[in-house]
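In: From the sequence below, what's the structure:
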Amino acid sequence: MPKSRTVAIVSSSTPFLHTLVAALTFEGHEAVTFGALPHAVKYAVNETPDAVVVDVSSRPPCDEASLSKLVRTVGRDRVWMALPMGMSPWKEDAERLGIDQFLKTPIQPSEVEEILTDLQGLPQVLTSARGEMPCGAKSRYFHIEDMPNNRYFLTASPAMWRIYENVCLLAAVNVPVLILGESGVGKDVIANLLHKRSRRAAHPFCSVNCAALPSDLLESELFGYEAGAFTGAVKAKPGKFEQADKGTILLDEIGEMSAPMQAKLLHVLQDGRYSRLGARSVSQADVRVIAATNVNIEDAIADKLFREDLYYRINAFTIEVPPLRERREEIPYLVEEMMKRQSAVLNQEPVYISPRMMTVLQEYQWPGNLRELGNAVTRMQVLKGHESSLADIESKMVGRTSGVHACAVDTQERTNNVNEMRSIVRNFRDQTESRLIQQALEEARWNRRQAAVALRISYRALLYKIDQYRLKDTRISVRVGATQNRLTAQA
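Out: Now for the predicted structure:
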């Protein structure tokens with residue numbers, strides 16, 4: 001089995017990062033990204049990565065001091081430089097420091113393959129104490145924790161790891177927490193993790209969706225009612241605050257709560273006292289409150305849709321959960337875990353996810369976040385990993401509207417349209433690349449090593465491209481034609 005490596009990537013280009021991180025992660029390596037060279041140098045001094053890829057295609061020249069320190073720290077044979085097309089002052093600095101591995105941008109699949117191949121040939125570096133992987137996981141930021149009802153919390157990115165650390169700290173103190181994030185990012189999972197890690201874990205965890213109930217029903221759901229409080233109230237019913245006594249209550253979608261209910265909730269949060277509907281006595285509850293919403297609270301306050309005093313009451317600490325598109329490095333781990341659990345539910349073997357399918361999953365924007373990813377994994381499992389299971393995602397990626405069609409003919413037609421679009425893009429890319437390589441070879445008088453340097457690709461990659469595009473030295477045919485004409489004239 002190939003050894004797992006840690007690769008630091010320095011780039012301000014989102015496509016560059018996504019392409020390289022997806023390839024490295026899929027092959028079992030860990031990718032750590034930085035926006036500036038000095039930050040990567042500081043990381044390399046403390047953590048010692050196996051390799052560093054420095055993309056300078058969009059950066060002005062030239063931080064030679066940081067580059068020099070990076071080479072001294074990790075070694076010149078572990079540094080790749082991604083350069084822009086044309087002349088670059090960075091190349092002279094890199095060559096002066098002994099760096100001889102260059103990539104061109106935009107990065108090509110052949111160059112990614114070369115990096116992956118060379119990584120396996122590098123000796124493993126010793127990881128510092130800070131770089132030890134928690135729980136023996138394959139990523140420094142990987143951690144998975146099971147919770148009731150077949151739920152789990154998974155982190156494999158720096159952003160989610162920071163959330164996990166904050167949860168561990170907040171679990172020990174009894175303060176309200178507000179969880180913000182788009183729909184489907186897992187706010188309820190984080191709330192469950194807070195409860196599980198707290199001293200209240202032995203007591204109930206209750207959740208109320210504030211957007212699912214009208215104001216009068218929400219009040220009875222939260223605080224309960226006495227028998228005879230209203231028509232149909234045959235017997236008394238405890239509310240969620242009473243049920244969660246000494247435990248935790250999650251007020252999900254609190255941004256959708258009506259103004260009258262906000263006022264009543266504020267009163268309860270101030271002193272922990274409430275009254276059942278129809279009751280003459282006051283009840284007391286010791287409950288930790290966690291609130292969650294996908295609404296922009298500050299905008300809601302400005303529009304007079306949310307009480308500012310309630311916001312400050314529930315906002316002792318805020319956790320902002322990033323959307324899935326901002327933590328794409330977690331997608332392979334999430335897909336693996338979802339596939340394992342879904343296959344167990346369906347009593348099937350987990351299906352194989354091809355590199356192409358994984359690339360599609362990592363490049364998609366995922367507006368529905370984890371819920372949408374879970375649906376995609378379910379489709380792949382049911383369809384045995386057939387690539388048509390991702391046809392709707394690919395259609396969205398090329399700007400086409402998608403929908404669920406019951407007719408199999410419509411599904412096949414949509415798949416064919418997506419494949420046709422991808423084929424057009426691939427042919428245009430190949431034609432452009434072939435023309436540029438042919439031009440570089442002719443300018444170098446078909447000196448292939450010189451042409452490889454000019455194109456900023458390896459000699460091996462150039463030979464592969466010449467064979468792939470069936471490129472030939474046109475000067476040979478001209479010389480052969482001239483010789484034949486001369487022989488004919490002499491005859």
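
In: Show the backbone phi and psi for Gly368.
Out: Summarising the backbone geometry of Gly368 under the convention degrees, to the nearest 10, its torsions are phi -90, psi 0.

In: Contact partners for the closest residue in space to it that isn't next to it in sequence?
Out: For Gly368, ignoring the flanking residues on the chain, the nearest one in space by CB to CB, 6 or more residues apart in numbering is Gly184 at 5.1 Å. (Glycine included, C-beta is placed from N, CA and C.) Residues counted as contacts of Gly184 (CB atoms under 8 Å, 6 or more residues apart in numbering) are 368-372.

In: Name the residues that touch stretch 81-98?
Out: Residues lying outside stretch 81-98 but in contact with it, judged by CB under 8 Å, 6+ apart, are 11, 16, 53-59, 61-62, 64, 67-68, 71, 76, 79, 99, 101-105, 107, 456.

In: follow-up on the earlier one: just the buried residues of the contacts of Gly184.
Out: Neighbour-count burial (16 or more other CB atoms under 10 Å) is assigned, among the contacts of Gly184, to 368-370, 372.

In: Closest to Ser283 out of those residues?
Out: Nearest to Ser283 among the buried ones among the contacts of Gly184, counting by CB to CB, is Leu370 at 36.8 Å.

In: For the helix or strand where that closest one lies, give me every contacting residue.
Out: Element membership of Leu370 [criterion: DSSP states H and E] is helix 369-382. Residues from elsewhere that reach helix 369-382 (CB under 8 Å, 6+ apart): 182-186, 323-324, 331, 334-335, 338-339, 342-343, 346, 348, 350-351, 353, 357, 361, 366, 368, 386, 389-390, 393.

In: ditto for stretch 19-36
Out: The contact list for stretch 19-36 (CB under 8 Å, 6+ apart) reads 2, 4-12, 17, 40, 43, 47, 49, 53, 106-107, 112, 115-116, 119, 138-140, 328-329, 332, 355, 358-359, 362-363.

In: Show me where the protein dips below the pLDDT cut-off.
Out: Low-confidence segments of the chain (pLDDT under 70): 1-3, 58-62, 85-89, 109-110, 120-140, 399-428, 475-491.

In: Please tell me how far the residue most central in space within it sits from Leu37.
Out: With distances taken as CA atoms, centre = their mean, the chain has Arg328 as the residue nearest its mean C-alpha position (1.4 Å). Using CB to CB, to the nearest Å, Arg328 is found at 23 Å from Leu37.

In: re the thing from before, filter the contacts of stretch 19-36 down to the buried ones.
Out: Buried residues within the contacts of stretch 19-36, counting neighbours by 16+ other CB under 10 Å: 4-11, 17, 40, 43, 47, 49, 53, 107, 112, 115-116, 119, 139-140, 328-329, 332, 358-359, 362-363.

In: Helices of the stretch 151-300 of the chain, start to end?
Out: 158-170, 187-197, 215-223, 240-243, 259-271, 297-302 (DSSP state H, counting those that start in this stretch).
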